[in-house]
Structure formats: C-alpha cells, structure tokens
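Novice: Kindly return the folded structure for what I paste below:
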Amino acid sequence: MKRIVFINPTAQKIYDDYFARVSRCISILNDDDQLEVLMELNSHIYEATHMAPPAIEVDTLVNTLEKLGAPEVVLQPAVAYKKIQQAGRSFNPVHIFQALYLNISNGIGFLVMGIIYLLTFAFGSLAVVKIISPEHTGLFLRGDRFFAFGYTHDLPSGLVELLGNWFIVTVIMLMGIFYFLNTLLFRLLKKN
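Specialist: Residues are numbered from 1 along each chain as shown. Presented below is the predicted three-dimensional model:
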C-alpha cells in the first residue's frame, strides 16, 4: 500500500495514527486480507483528501476519518467475516477458533440455524419413514396424554395414532415453516 503523504505534519500524524489503529485491528488476518483492508481505507481517504488545500488538510482528513468511523468498531464485522472465509479455506483449528471468537453472536445464530436445519431434515425423514413403516410413525397419544411424535419402535397397548396419513402433510408443513424461519434468520445474520 502506498502511504499518503500530507504537507501538514499534523495531518500526517493523524493519518499515521489512524492506520496504526487499523493495523492493530486487522493484525489477526492473513497478509493478503490485511493489505486489501488497508488499500480500501487508504483509497477512501485519498479520494476525500487529495484535492484539499494544505490550509484545510487537517479538517478534511479529520472529517473523512469521522465519516469512516473508529477502526475498532467499523472493522470488527469485516475482520470477523474475513476470518470465517480464511477458516473455511484452511480448516486450520486456530483459524476456526478465532473465527468463532470473533463471531460469537453470529455463532449463536448459526448454531440455531444448524438446529433448525437438522429439524427440517428430520421432518423430511419422518415423511419417508411414515410411508415405509406407517404403524410405528405418527403422533401417538395414550389416553388423553401425548406419548410420541415421530418414529417409535416400542408400541405399548392403548396407543392411538392421531394423524394417520395427515402426519406426512403435517411434517411437510413443519419443514416449510422451519425452512422459512432459517431463511429469515440467515437474512438477519447477514445484515449484522
């Protein structure tokens, strides 16, 4: 990255201090990702300040940096995202743990998404199992109390399967609901 040189020494110090903070924030990333972030920020600063006369260089730079925001806040989502990409490419346990640490709030969301996808798959499997083994799959009641939903090998006497073939329709509807919820959760996580 080519460092911007300012005429005003105060502007130069502000610029250098800002990039020192940026460098600390992105130090966890690999060299290519660090360079990409540095070049992107440098480009924004250059575009905003290159035409400023020396008399207002400091004011222009300070206004630009205020618009960009504090690197500790602004760069956190970008660093977390790039760390996930790196972990996905390398399968390095260190990168994976760093990505999880940086994305702990997203991590909880992704855990919930994983559970919902598992339930979606389970409901789809139950529709197939109901076709294969209809007498052991369904919504079972014992008297007026719930006994089981899904597949059960052990069928004690007195059980009633409540839904019959509507069990397949029910689990397919549940699959759709859970898929919709997962899509909605994914969109919410992508906004953060």
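Novice: Show me what counts as buried in the helix or strand bottoming out on mean pLDDT in the chain.
Specialist: When each helix and strand of the chain is scored by mean pLDDT, DSSP states H and E, helix 93-102 comes last, with a mean of 79. The neighbour-count check on helix 93-102 (16 or more other CB atoms under 10 Å) flags 95-96, 98-100, 102 as buried. The C-beta positions use only the backbone N, C-alpha and C, and glycine is treated the same way.
Novice: Closest to Phe19 out of those residues?
Specialist: Proximity of these to Phe19 (CB to CB) peaks at Leu102, which lies at 21.0 Å.
Novice: The nearest residue to the closest one once chain neighbours are set aside: how many residues sit nearby?
Specialist: Among residues not flanking Leu102 along the chain, Ala80 sits closest, at 3.9 Å (CB to CB, 6 or more residues apart in numbering). Ala80 has 21 neighbouring residues, counting by other CB atoms under 10 Å.
Novice: Ala80 sits in which helix or strand?
Specialist: helix 71-90 (DSSP states H and E).
Novice: what's the span of stretch 81-97, first residue to last?
Specialist: Stretch 81-97 has an end-to-end distance of 13 Å (CA to CA, to the nearest Å).
Novice: Residues contacting that stretch, please?
Specialist: 28-30, 33, 37, 98-99, 102-103 (CB atoms under 8 Å, 6 or more residues apart in numbering).
Novice: Okay, domains of the protein per the record?
Specialist: For the chain, automatic domain parsing gives the domain ranges 9-102, 106-191.
Novice: Just put those in CSV and tack on distance to Lys2.
Specialist: Below are those laid out as CSV (distance: least, CB to CB, whole Å):
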stretch, distance to Lys2
domain 9-102, 8
domain 106-191, 33
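Novice: picking up where we left off before, could you double-check that the residue nearest to Leu102 lies in contact with Gln98?
Specialist: No - using CB atoms under 8 Å, Ala80 is not in contact with Gln98, being 9.3 Å away.
Novice: give me the low-pLDDT residue ranges for this structure?
Specialist: Where the chain drops to pLDDT under 70, the residues are 105-107, 189-192.
Novice: all strands of it, in order?
Specialist: 137-142, 145-151, 159-161 (DSSP state E).
Novice: So for Val169, which of these sits nearest?
Specialist: When these are compared by CB to CB, strand 137-142 sits nearest Val169, at 12.0 Å.
Novice: partner strands of the closest one, parallel or antiparallel?
Specialist: Strand 137-142 pairs in its sheet with strand 145-151 (antiparallel), strand 159-161 (antiparallel), by DSSP bridges.
Novice: In JSON lines: these, plus distance to Ile132.
Specialist: As requested, the strands paired with strand 137-142 are arranged in JSON lines below (distance: least, CB to CB, whole Å):
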{"stretch": "strand 145-151", "distance to Ile132": "10"}
{"stretch": "strand 159-161", "distance to Ile132": "15"}
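Novice: out of those, nearest to Arg21?
Specialist: strand 145-151 (54.2 Å).
Novice: Would you mind listing the buried residues in that closest one?
Specialist: Buried-residue list, strand 145-151, by 16+ other CB under 10 Å: 147-150.
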